[in-house]
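How does the following fold in three dimensions:
(3 chains)
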Amino acid sequence: MNDNIVFGQYIYKNSFIHKLDPRIKLFVLLILMIGTFLVPADNFILLSIALMIPLIAVIFSKISIFKYLKSLKQIVFVIFLSFIFQLFGNEGGKVYNIPINFSYANLILAVLLIVIFFLFRKYLPFKMLIFIGLVVLIIYLLRFPLIGDPFKETSIHIYEKGLIHGTFLIERILIIILASTTLTLTTKPTDLTNALEWYLAPLEKIKIKTSIFAMMISIALRFIPTLFNETNKILKAQASRGVDFNEGKFIEQIKQIVSLLVPMFVISIKRAEDLADAMEARCYVPGEKRTKLVKMKCKVTDYLVMLFILTLFILLILIRCGVIYAL
Amino acid sequence: MGINFQNVDFKYAKKASKKQLDNINLSIDAQNEFIFIVGHTGSGKSTLVQHMNALLFPTSGKIKIFDLNVVRKKKTPLKPIRKHVGLVFQFPEYQVFETTVLDDIMFGPKNFGQTKEQARSQALEAAKLIGISDDLLERSPFTLSGGQMRKVAIAGILAVNPDILILDEPTVGLDPKTKDELMQLLVDIQQKTNKTIIMISHDMNIVSAFAKRILVMHQGKLVFDGHKDDLFASHELLDLYNLDLPTSASLAIQLKKAGLINYDKLPLTKEELLELILKEGSYE
Amino acid sequence: MFVKLENINFKYANNEDLILNDLSFELPKGCMLAILGPNGSGKSTIAKLIMGLLKPTSGHIYIGDEELTEKSVNHLRKKLSIIFQNPDNQFVGVTVKDDIAFGLENLKVERSKMQEAVNQYAQMVDMSEYLDANPENLSGGQKQRVAIAGALAMQTDLIIFDEATSMLDPKGTKEIIEMIKTLKNSHQKTIITITHNLEEALFADKVMVLNQGKIVLEGTPREVLKEKTILEASGLKLIDGLFLIDRINNSALEESQKKVLTDKLWELTFKM
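Below you'll find the predicted structure:
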């Protein structure tokens, strides 16, 4: 009952990044995203400058680096895969040959390493990183036949271009993930909604009711934790009636899922009706103009951040267009 | 022995400083008990009964339910525990889902491995016990009134035929007449089947009228376990745990103050108070 | 008259049964009315009709001197507010202060005034410490108090409590009942409370008992509470004090004793 579920990733800290106007933060994120894709391929200096921006934000946010690593953890595998694709999908430039010599001893060693990894997987931090490291290590080990002659000799070709593209891609993904994680870690979901509503406001002029859309998001934010609690209760209530998802035939399992879904729907519909009544009773008229309790206010620092980002962005465009050849 | 708690602690997270349950020692018989659990919102009442149904597991300490250990292990089957102890949650909306009342009551027994015919006969029996009339059995549970739906939810657990029946605030939100009716049915069921019934309630009028034994929870601790007379006679206990007196008991105290009645043992229900008033010699 | 219902009939579109059957009553400004009745007697329907959330099948509703119609509803609602039964389902804001401000935002109140009102009414319902709290971390009673603050902030003339205590624990119930008493005594609001507990009707100016869509009893609490047979036939339960009075009156005690005892019980019942 009392497990306080905090929705979203927001972590309160008294930092310069937290205090920035959410609109500015959204703007910076957008510019960064566009910017990283505008950086000409193989221009590492420019991309590194782009990487500096989220890194600075991460440091200033006063939030433990582990929180950021956690969000990266979930996509390490995706990053690794796209790196591999880039690595082998591009030909050109210098060629590096990595000899691979299959010998029985080496293969056994490789299998042994993987087995050990899976045995101790439970106790390891950063499993995915270690696994990727292991694969690289095995490939490296295969170069040196330990005992006996290799029964097959081959080699992997890696092109310089592939290497550059792969690294470039990793860096781009890193920038976007770090920047968006910073945004969600340092901004309350409601503030984000407000910022989004502000950006969408001009659409009201062409008769698109963005205020209704914003109200929907804010209601969703309000009720997601409640629904989560509710689902938990339904799960428990049905568990008392013998529902066990680990057993039973397929048909029975379907029935068990239905036993969760129906109460969830029934309760949600009742909730929606009640909520609609409560909102209407408090004079809410969909689409009508409302005032807002929270005011988003741009401070000097907000303008400075915006100016800084815009300057960098304009410089980037000038470089891209060939006006400036500085870098 | 039905339920046995030994030095049970419970926390939601390992590192949490607050204990939801704090050193609970408790034993409950498998038969013939009528226990009420009282205490403020957040005092740990719900957490306590969820342990009895193996929905939560102790952080430390030991719980035995009919000689089965309640531990969180992958291979420990939980169904046998839940077969012995049935838990009815506060709102029937959390569990009712079938298209007809009868099907919904049959869902439990079927999950516990009964054949369709067995489940049906047990469901019919449970429906009869809790007073669901035959014409309701083929109706959709969602068209029923609040009181009737509660009965369906209780029947859904009764049909599993547990030895111990736990109810989490079954009367909240019902009108007074329906409330009385439901309580009377539960008392009848207890007497007919000799099952142990455990009930969470805030309503001291109900507690004082029906309880044999009362457990008081306060900040995760079990602070009182005994007869209702001992609890309600003690002003210190009631004040300490912020519990109300039943209405008739407070009326009796006021009447005594006004010199209209006199008693040695505080009357707890309106019937007891009436008897006292009508008895000659209890007033001047 | 502030609220006036005239020959109201109501039934749902998909059902033939009349939920309300030729119902008429009036409520003057500053008066507190308690509507009693068992579940399903149609008492919550009355609340929704007055709020303009449902439309009567036939009959007229007047708020102030104006008839409640589809045209006037948005403007008349500014005079009305309601606290519903389920504390969770009427909490619109993500935080306490957002929720108190919700109605004011709809009324297009200026920001500075809104902030002032939020603080003022949060303090009135004793929720100042929780302005930034999420509803998940509040008790049912606290959520209902936030709802009351939201209603007060809108400065409506009428507040309806539609079984506002029925899902609360005793502590929450007491808090809300105290709040209703305060509103009645020191704020001169027009109040309608809808309940199935006789206790909550004791301090009303006027009590109305509803059964199967019809008014079966109307009067002051003292008048109504004496009608034991009608109350019980309407699915209501006599509270302990009244039960005792009834039994003592029918007992073999001497008349003088009866009078002393019943007078005292009557007094105690209203004091509690």
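
tally of neighbours for residue 191?
Here I'm looking at chain A. By other Cβ atoms under 10 Å in any protein chain shown, 19 other residues sit near residue A:191. Every residue, glycine included, has its C-beta placed from N, CA and C.

um, chain C though
Applying other Cβ under 10 Å, I find that residue C:191 has 22 neighbouring residues.

So for the closest residue to chain A within the stretch 51-200 of chain B, what's the nearest residue that isn't a sequence neighbour?
Minimum separation of the stretch 51-200 of chain B from chain A (Cβ to the nearest Cβ) falls at residue B:111, amounting to 2.9 Å. If the residues on either side of it in the chain are set aside, residue B:111 comes closest to residue A:242, at 2.9 Å by Cβ to Cβ, 6 or more residues apart in numbering or on different chains.

Can you classify that neighbour by secondary structure?
In three-state terms, and counting by DSSP: H, G, I helix; E, B strand; the rest coil, residue A:242 is coil.

Distance of it relative to residue A:59?
Going from residue A:242 to residue A:59 by Cβ to Cβ, to the nearest Å gives 53 Å.

more neighbours, those two?
Neighbour count, other Cβ under 10 Å: between residue A:242 and residue A:59, residue A:242 has more, with 23 against 12.

who touches that one in this structure?
The neighbourhood of residue A:242, defined by Cβ atoms under 8 Å, 6 or more residues apart in numbering or on different chains, consists of B:79, B:82-83, B:108, B:110-112, B:160.

Next, format these as a markdown table and append pLDDT.
As requested, the contacts of residue A:242 are exported to a markdown table (pLDDT from 0 to 100):
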| residue | pLDDT |
| --- | --- |
| B:79 | 87 |
| B:82 | 91 |
| B:83 | 91 |
| B:108 | 92 |
| B:110 | 91 |
| B:111 | 90 |
| B:112 | 90 |
| B:160 | 93 |
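
Just give me the neighbour total for residue B:62.
Residue B:62 sits with 13 neighbouring residues when counted by other Cβ under 10 Å.

so which helix or strand takes in it?
In the assignment (DSSP states H and E), residue B:62 maps to strand B:60-65.

ok, residues contacting that strand?
Applying Cβ under 8 Å, 6+ apart, the external contacts of strand B:60-65 come out as B:1-9, B:23-24, B:51-52, B:54, B:69-70, B:81, B:84-85.

what's the helix or strand for the residue nearest the centre of chain C?
In chain C, the centroid-proximal residue (Cα atoms, centre = their mean) is residue C:193; its distance is 1.7 Å. Using DSSP H and E, residue C:193 maps to strand C:190-195.

what helices or strands is that strand leaning on?
Applying 3 or more Cβ pairs under 8 Å, 6 or more residues apart in numbering or on different chains; DSSP states H and E, we find strand C:190-195 packed against strand C:32-36, helix C:43-50, strand C:158-162, helix C:170-187.

So whatever helix or strand comes next after that strand, near chain B or not?
Once strand C:190-195 ends, the next helix or strand along the chain (criterion: DSSP H and E) is strand C:206-211. No - using Cβ under 8 Å from any Cβ of the partner chain, strand C:206-211 stays clear of chain B, coming no nearer than 11.5 Å.

ok, residues contacting strand C:206-211?
C:25, C:27, C:31-38, C:41-43, C:46, C:201, C:215-221, C:223-225, C:230-231, C:233-236.

One more pass at 6 Å, please.
Strand C:206-211 has contacts (Cβ atoms under 6 Å, 6 or more residues apart in numbering or on different chains) with C:33-37, C:41, C:43, C:201, C:215-218, C:221, C:224, C:234.

Now compare those and name the two farthest from each other.
Using Cβ to Cβ, the two most remote members of the contacts of strand C:206-211 are C:41 and C:221, lying 18.4 Å apart.

Which one of these two is surrounded by more residues?
Ranked by neighbour count (other Cβ under 10 Å), residue C:41 and residue C:221 place residue C:41 first, with 26 against 18.

what about stretch C:28-46 and chain B, any contact?
Yes - using Cβ under 6 Å from any Cβ of the partner chain, stretch C:28-46 reaches chain B at C:38-40.

Quickly name whichever of these is closest to chain A.
Nearest member of the residues of stretch C:28-46 next to chain B to chain A, counting by Cβ to the nearest Cβ, is residue C:39, at 15.5 Å.

Would you enumerate the residues in contact with the residue nearest to the centre of chain C?
For residue C:193, the residues meeting the contact criterion (Cβ under 6 Å, 6+ apart) are C:34, C:161, C:200.

between those residues, which has the most around it?
For the contacts of residue C:193, the largest neighbour count, defined by other Cβ under 10 Å, is 28 neighbours, found at residue C:161.

So what sits opposite the residue nearest to that residue when sequence neighbours are not counted in the bridge?
With Cβ to Cβ, 6+ apart as the criterion, residue C:161 has its nearest non-adjacent residue at 4.3 Å, and that residue is residue C:193. Note on residue C:193: beta-bridge partners residue C:34, residue C:161, judged by DSSP bridges.

Could you measure from residue C:193 over to residue B:171?
Remark: distance between residue C:193 and residue B:171 (Cβ to Cβ) = 21 Å.

What parts of chain C come near chain A?
Listed as neighbours of chain A in chain C under the rule Cβ under 6 Å from any Cβ: C:51, C:53, C:77, C:82, C:86, C:89-90, C:92, C:94, C:101-103, C:105-109, C:111, C:114, C:136-137.

With the stretch 1-150 of chain B instead?
B:12, B:46, B:53, B:55, B:87, B:89, B:93-95, B:97, B:108, B:111-112.

Residue B:221 contacts residue B:24, doesn't it?
No - if you go by Cβ atoms under 6 Å, residue B:221 and residue B:24 don't touch, sitting 7.6 Å apart.

Need the three-state assignment for the residue nearest the centre of chain B.
With distances taken as Cα atoms, centre = their mean, the residue of chain B nearest its centroid is residue B:199 (1.0 Å). Following three-state DSSP, the label given to residue B:199 is strand.

Looking at it now. What's its pLDDT?
In this model, residue B:199 is scored at 95, pLDDT.

Torsion angles phi and psi at the closest residue in space to it that isn't next to it in sequence?
Once flanking residues are discounted, residue B:199 sits nearest to residue B:167: 4.8 Å by Cβ to Cβ, 6+ apart. Residue B:167 adopts backbone torsions of phi -130, psi 130, taken as degrees, to the nearest 10.

what's around residue B:167, how many residues?
23.

where's the closest residue to chain B within chain A relative to residue B:106, distance?
In chain A, the residue found nearest to chain B is residue A:242; the distance is 2.9 Å by Cβ to the nearest Cβ. According to Cβ to Cβ, residue A:242 and residue B:106 sit 11 Å apart.

What residues does chain C have near chain B?
Looking at chain B, the residues of chain C close enough under Cβ under 6 Å from any Cβ are C:38-40, C:139, C:166-167, C:169-170, C:196, C:235, C:237, C:240, C:243-244, C:247, C:251, C:264, C:268.

What are the contacting residues of stretch A:51-58?
Stretch A:51-58 has contacts (Cβ under 6 Å, 6+ apart) with A:17, A:68, A:175, A:178-179, A:182.

which of those has the weakest pLDDT?
residue A:68 (83).

Select the longest helix from chain B.
helix B:176-193 (DSSP state H).

Just the CA trace of it, in CSV.
Output of helix B:176-193 as CSV, limited to C-alpha atoms (Å, rounded to 0.1, in the frame of the first residue of the first chain):
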residue,chain,number,x,y,z
PRO,B,176,-26.4,0.4,7.1
LYS,B,177,-29.0,-2.2,6.3
THR,B,178,-26.9,-4.1,3.8
LYS,B,179,-24.0,-3.8,6.2
ASP,B,180,-26.0,-5.5,9.0
GLU,B,181,-27.3,-8.2,6.6
LEU,B,182,-23.8,-9.1,5.4
MET,B,183,-22.4,-9.2,8.9
GLN,B,184,-25.2,-11.5,10.0
LEU,B,185,-24.5,-13.8,7.0
LEU,B,186,-20.9,-14.0,7.9
VAL,B,187,-21.7,-14.9,11.5
ASP,B,188,-24.1,-17.6,10.3
ILE,B,189,-21.4,-19.0,8.0
GLN,B,190,-18.9,-19.1,10.8
GLN,B,191,-21.4,-21.0,13.0
LYS,B,192,-22.4,-23.4,10.3
THR,B,193,-19.0,-24.3,9.0
